[in-house]
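Participant: Show me the folded form of this:
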Amino acid sequence: MSDGCQRGERVGGLSRKATKSRRRSPPAALRRVKPAKLCAGLAVALAAASAHAQDDGPRVYQLAPLGAKTFTTFAVVKRGNETPESGDVVLGSKINTNIVVFRYAQTFSLGGRQLNPFMILPVGKVHSIVRQAGATIENGSSGLGDAQIGVVLGLFGSPALTPEAYAAFRPRLSSGLLARVFFPTGAYSAAKPVNFGANRFSYQLGLPTTFVFGQSYLDPSLTALEILPTITFYDANTSPFGATRVAKAPQFSVESHLTRNLGRAVWLSADMLYRQGGETTTDGEPDHNATQGWSAGMTAAFRLAPMATVILTYEHVVERNDNGPNGWFFRTALVVPLR
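Facilitator: Numbering: from 1, shown residues only. The predicted structure follows:
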């Protein structure tokens, strides 16, 4: 259903850091679940993937029934030393980013496994003040952001289920394969040290894995532990600020979420994120600026109407190396399941 910031880089004189489900009779309460109630339950049970924030967020890759469609609108506020691209650090900077993101996802079946493709389109603006080498550069960048297209394919514990089978399915351990491409569609100018777009392709692979404790995904006391390791690869930026070419090494991250339903209309999550890597090379010279950092935060989701849920997330950097990220972000997501 739904899918659901540390780069260091030297530029010019500046340092820029339906397989088969169990054949058992569902409980009577689940056999009586109506489609409208199922959709309402899904709206609060699932989350929405982040875009241009720190992490993907809790319940992003939770199993959804066949045909589930979700449209999500995000509002993201990020403050610190990171550009709009997650993991892109500019040392000695103060960067304010405000973004609105639109996302669509739909669930299909591929060989009996759940297949969940999604599309993400951000728009917004970034304002930066960079103070280094005795100089101060202030600028802004706004417009379209870097579009994303991705897909999650269930590997095990993620069968393609009809809505009725989904309501009766007892989850335990599930895992999938995440693949995502970031396109260089965002606003960019080589005359600016900080831009809304990254001016390069990047490619991400991940393995979202969830341990679930509950009778079904609609269980009002459902508890889940989610772990998402990812690695992101980057094309070179051939028009960077103050240089000719900047390459970036892969960045590794692991995020985890411990979530708990508080009835049928509310769930909470404790969130953690670890990121490492992303050293850059400017015009053939290594910048020795690999980043490392830990972030922690909380998420709360509330059903506002039978067919809409709002999800609020706050996250803050709690530990980092000298080249790492610093700051916080706040994200609001409005998730609307479509029929």
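Participant: can we go C-alpha only for contacts and neighbour counts from here?
Facilitator: Fine.
Participant: just checking, Asn323 touches Asp287?
Facilitator: No. Asn323 sits out of contact with Asp287 when judged by C-alpha atoms under 8 Å, with a separation of 10.7 Å.
Participant: Neighbour count for the two, which is higher?
Facilitator: Under the criterion of other C-alpha atoms under 10 Å, the comparison of Asn323 against Asp287 puts Asn323 first, with 23 against 20.
Participant: Give me the phi and psi angles of the more buried one.
Facilitator: In this entry, Asn323 is assigned phi and psi values of phi -100, psi 0 (degrees, to the nearest 10).
Participant: Can you tell me, leaving aside adjacent residues, what's nearest to it?
Facilitator: With C-alpha to C-alpha, 6 or more residues apart in numbering as the measure, Thr291 is the residue that lies nearest to Asn323, at 5.1 Å, once sequence neighbours are left out.
Participant: ok, what's across the strand from that neighbour?
Facilitator: Judged by DSSP bridges, the bridge partners of Thr291 are Gly277.
Participant: where does the protein have low pLDDT?
Facilitator: Along the chain, the model assigns pLDDT under 70 to residues 1-54.
Participant: Swap in 80 and give it another go.
Facilitator: Low-confidence segments of the chain, defined by pLDDT under 80, are located at 1-54, 132-134, 305-306, 339.
Participant: Identify, by residue count, the longest strand of it.
Facilitator: The longest strand of the chain (DSSP state E) is strand 113-132.
Participant: Any idea how many residues pack against Val126?
Facilitator: With other C-alpha under 10 Å as criterion, Val126 counts 22.
Participant: what's the answer for the one 5 residues further on, then?
Facilitator: By the other C-alpha under 10 Å criterion, the neighbourhood of Arg131 contains 16 residues.
Participant: how near is it to Asp271?
Facilitator: Distance, Arg131 to Asp271, using C-alpha to C-alpha, to the nearest Å: 32 Å.
Participant: Thr162 too?
Facilitator: In this structure, Thr162 and Asp271 are 30 Å apart, going by C-alpha to C-alpha.
Participant: quick one: which of these two has more around it?
Facilitator: Neighbours were counted for Thr162 and for Asp271 using other C-alpha under 10 Å; Asp271 has more, 22 against 15.
Participant: can you tell me how far that one sits from Val254?
Facilitator: Taking C-alpha to C-alpha as the measure, Asp271 falls 11 Å from Val254.
Participant: Likewise for Lys69?
Facilitator: Applying C-alpha to C-alpha, the value for Lys69 to Val254 is 27 Å.
Participant: Arg79 too?
Facilitator: In this structure, Arg79 and Val254 are 21 Å apart, going by C-alpha to C-alpha.
Participant: try Thr332
Facilitator: Applying C-alpha to C-alpha, one obtains 22 Å for the distance of Thr332 from Val254.
Participant: At the geometric centre of the chain, which residue do we find?
Facilitator: Centre of the chain computed as the mean C-alpha position; nearest residue by C-alpha atoms, centre = their mean is Asp56, 2.1 Å away.
Participant: how would you label that residue: helix, strand or coil?
Facilitator: Three-state call for Asp56 (DSSP: H, G, I helix; E, B strand; the rest coil): coil.
Participant: what does Gly143 give?
Facilitator: Classified using three-state DSSP, Gly143 is strand.
Participant: so who does it touch?
Facilitator: By C-alpha atoms under 8 Å, 6 or more residues apart in numbering, Gly143 lies in contact with 123-125, 186-187, 196.
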